[in-house]
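Colleague: sequence plus the predicted model coming up.
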Amino acid sequence: MPSTPPSDSYEASCISQASKNADPNNWEWAPDSRATWELAEEPWQQFRSKWYGAEPTAAHCASLDDPETPHFSLEPLHPYLEDCPSSILVRESYLTTFRDVWERGLSTQGVCGLIVNGQPGIGNTLFQYYALIRLLQQKQVVLLLSPDAQQLFLFYHDGVHTMRTKSLDDEYMLPECKIPSSEVFIWSLFDIPERKEPEWLLARPPCLPVQVAPLDPCRYKIWFKERLPLLLGLPLWTREELIQGLPYQRKYPALLDAFCKVYASTSLDRWDLLEAFPGVRALLEKCQDADLLPPTPEDAINYLLDVAIYRFGYSAGDVFSALFDFEAATRHHERAFDIQLSDLQAAAVALPNMYQSADSSISRHILALTLVSRGPLTMVDWTVNFKSDWIAKCMVNKLAAAEDAGLREQVKFFQGTEGAKAMSEWFFGPFAHRCIAETSTGGDWRLINMISDDAHPPQFVMAQDQSSFPPKDVRFPKVKREVIKFRSISDLSTCFESDKYYVPDTPDFPSLFDAFTVDLNPSKKSAILWVVRIPASRSSHVGGSMLGFRNIWDIIARLKDQLSDGPPPTKTRKMGVGQNGVALKLLVEVRYLVVVAKGHSHDLQWHPPKGWSESCVKEGHQGDVYCLEVPISLSL
């Protein structure tokens, strides 16, 4: 339901409270308290002067639909903020979240606090500085804790004052209200890097605590009871936001410069220019080997962005770190995979629950929170899922291998866990493969047409009319197929067989598919390549890597050589030659199967990666797309 617009009296009350906070005549220092502070360094003073009382900009009402997304520069403070970018990308969620912080703080006269939760790495700290800028524009008094929690900064009417947190004691050290007939308060912005409660000075009156933190109650459990905070949340980033935020990262200019030099050079050693960014060179060389090297440096960086999203999800900190050091980011996550199923279950239960703590390694590297907002000034809810396709496949492969007999119970567990239902879909994959490979009752699987919206790349959705079912000659038989696991197409035999079900055995496989099988018709020199896609976690699923086109081309080329009774292919062959020297038409038709559990196809969508709609310079990878429902209930 839409929220009720605030009344005129409500808005007038907020404006009055903000004016009282901003009036220096309403404040005074307690005896000897000012002596505990010293003036902060000049960049802090310049930062305050830059924003104090500054007119609001278009950034306050902008959104990411604007052609030029607004940003707030952190200069001249930027060099003092370790790991922070040079500017704050004004995400739309920053606008709405700050609105709630502002209205809640003023309407309660600083009585009730606020906690802004979110996935680690999504920009909680940057939101803190965004809020600082917005408060300075309104001439508010603000107490800020440094990112390392070692220093306090008081943005007061006459400048910025600072003290070391180790100097804190039980004495009162903050300015006091001069007018007993009204309440004024100090905005207290803080993020605690360690898993502990904040210093009490930050959360007690006259401070209004605004804490940014992961969903980890050990960081705010005590003051939570005292100040009755409103729980807000920041969502994961979108791909568009990641693109717009990338140029503000500290290492981005060096990365772009290296790519520009690589693309401008013809030297065989030009790839050495990327050695400063571990792992990037290997990723781009794969594209070059597949004749899919992006045409410009900017396109190459966008490709790397997609690879990082596939591997690490939509937490900006992970994605940007991976762009500059892909190898280190991968190692950090792989170390977190050494867990038991019980650990994963416990974290999936605790993480969306604001009153329970989850294992910090699992919550940072394996699982991700998705925000469920109920509207302005209301407590948010969360759902939890694996952070990315790659992480999900790594974990499911590990847990399925260790406890294969209990997979069905895991589907049941996650399906029955509030906030973690989407995780059950990842455990559906092994069931689907087994069902398709082992069902041998005769007859055909029931297929449903999926239709394209003709975008580039397209989105395929379920057909809703009498064209929902394919022609009778489109058949996918229910026959037993031997499962063949492989790590790359080159590992497979030169000859494919109709009774085999081929499954990639590595999460790193750059694929458009999760399995494939073939129906051979040697007498007609034709074959059907069935490409099986199991879109687990459909809410965040990426349709596959563009390098998957190379795998499709290789399979088609091998099938054509097999049909022509030729040798293993060294180059793509489009025509075979018969014994009489007459060219034979070798037909390999590609058909895609998007597999879901029976009864779960009503909202099914499939998004192929970029390159689907482009003209094929090699074997064609396009084909008709069908939905296949397997009788494995997720509601066990």
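Modeller: Arrived safely.
Colleague: spell out the residue ranges of the helices in the stretch 1-150 of the chain.
Modeller: 8-22, 42-51, 92-107, 124-137 (DSSP state H, counting those that start in this stretch).
Colleague: now the second one - C-alpha only, PDB.
Modeller: Same thing as helix 42-51. In PDB, the C-alpha atoms belonging to helix 42-51 read as follows (Å, rounded to 0.1, in the frame of the first residue of the first chain):
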ATOM      1  CA  GLU A  42      43.100  21.600   7.500                       C
ATOM      2  CA  PRO A  43      41.600  19.200   4.900                       C
ATOM      3  CA  TRP A  44      38.800  18.400   7.400                       C
ATOM      4  CA  GLN A  45      38.200  22.100   7.900                       C
ATOM      5  CA  GLN A  46      38.100  22.700   4.100                       C
ATOM      6  CA  PHE A  47      35.700  19.800   3.700                       C
ATOM      7  CA  ARG A  48      33.300  21.300   6.300                       C
ATOM      8  CA  SER A  49      33.600  24.800   4.700                       C
ATOM      9  CA  LYS A  50      32.800  23.300   1.300                       C
ATOM     10  CA  TRP A  51      29.500  21.700   2.400                       C
END
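Colleague: returning to that earlier point: the helices of the stretch 1-150 of the chain: which one's closest to Ser373?
Modeller: helix 92-107 (8.4 Å; C-beta to C-beta). Heads up, the C-betas are built off the backbone N, CA and C, glycines and all.
Colleague: secondary structure element for the residue lying closest to Leu351 once chain neighbours are set aside?
Modeller: Leaving aside its sequence neighbours, Leu351 sits nearest to Ala358 (C-beta to C-beta, 6 or more residues apart in numbering; 4.3 Å). In the assignment (DSSP states H and E), Ala358 maps to no helix and no strand.
Colleague: what is the burial count for Lys225?
Modeller: Neighbour count of Lys225, defined by other C-beta atoms under 10 Å: 9.
Colleague: can you check the one 5 residues further on too?
Modeller: Residues lying near Leu230 (other C-beta under 10 Å) number 20.
Colleague: now do the contacts for it.
Modeller: 100, 104, 112-115, 377, 379 (C-beta atoms under 8 Å, 6 or more residues apart in numbering).
Colleague: swap in 6 Å and give it another go.
Modeller: Taking C-beta atoms under 6 Å, 6 or more residues apart in numbering, we find Leu230 in contact with 104, 114.
Colleague: likewise for Tyr252?
Modeller: By C-beta under 6 Å, 6+ apart, Tyr252 lies in contact with Leu246.
Colleague: ok, so what distance separates it from Arg270?
Modeller: The gap separating Tyr252 from Arg270 is 20 Å, by C-beta to C-beta, to the nearest Å.
Colleague: tell me the helix or strand right after the longest strand along the chain.
Modeller: Among the segments of the chain that qualify as a strand by DSSP state E, the longest is strand 587-597. Downstream of strand 587-597, the first helix or strand assigned by DSSP H and E is strand 605-606.
Colleague: that next one: partners in the sheet, and parallel or antiparallel?
Modeller: Partners of strand 605-606 in the sheet, by DSSP bridges, are strand 460-462 (antiparallel).
Colleague: now do the partner strand: everything it contacts.
Modeller: Counting by C-beta under 6 Å, 6+ apart, 450, 452, 604-606, 625 sit against strand 460-462.
Colleague: if we go to 8 Å?
Modeller: 448-453, 468, 594, 601-602, 604-608, 625, 627.
Colleague: neighbouring contacts of stretch 29-45?
Modeller: Applying C-beta under 8 Å, 6+ apart, the external contacts of stretch 29-45 come out as 76-77, 79-80, 153-154, 159-163, 167, 171-176.
Colleague: check the offset of stretch 239-247 from the chain's centre.
Modeller: Distance, stretch centre to chain centre, for stretch 239-247: 12 Å (C-alpha atoms, centre = their mean, to the nearest Å).
Colleague: got the phi/psi numbers for the nearest residue to Lys478 once chain neighbours are set aside?
Modeller: Nearest residue to Lys478, sequence neighbours excluded (C-beta to C-beta, 6+ apart): Thr439, at 4.9 Å. Here is the backbone geometry of Thr439 (degrees, to the nearest 10): phi -70, psi 120.
Colleague: from here on, count from 37
Modeller: Got it, first residue is 37 now, which makes that one Thr475.
Colleague: distance of Thr475 from His469?
Modeller: Thr475 is 11 Å from His469, by C-beta to C-beta.
Colleague: between those two, who's got more neighbours?
Modeller: Taking other C-beta under 10 Å, Thr475 and His469 do not tie; His469 has more neighbours (20 against 17).
Colleague: part of a helix, is the more buried one?
Modeller: Yes - read with DSSP: H, G, I helix; E, B strand; the rest coil, His469 is one of the residues of a helix.
Colleague: so who does it touch?
Modeller: Residues in contact with His469 (C-beta under 8 Å, 6+ apart) are 519, 537, 539, 550-551, 570.
Colleague: any stretches of the stretch 87-236 of the chain with poor pLDDT?
Modeller: Applying pLDDT under 70 to the stretch 87-236 of the chain flags residues 93-105, 206-208, 216-218.
Colleague: try the stretch 437-586 of the chain
Modeller: 437-444, 502-503, 546-547, 572-583.
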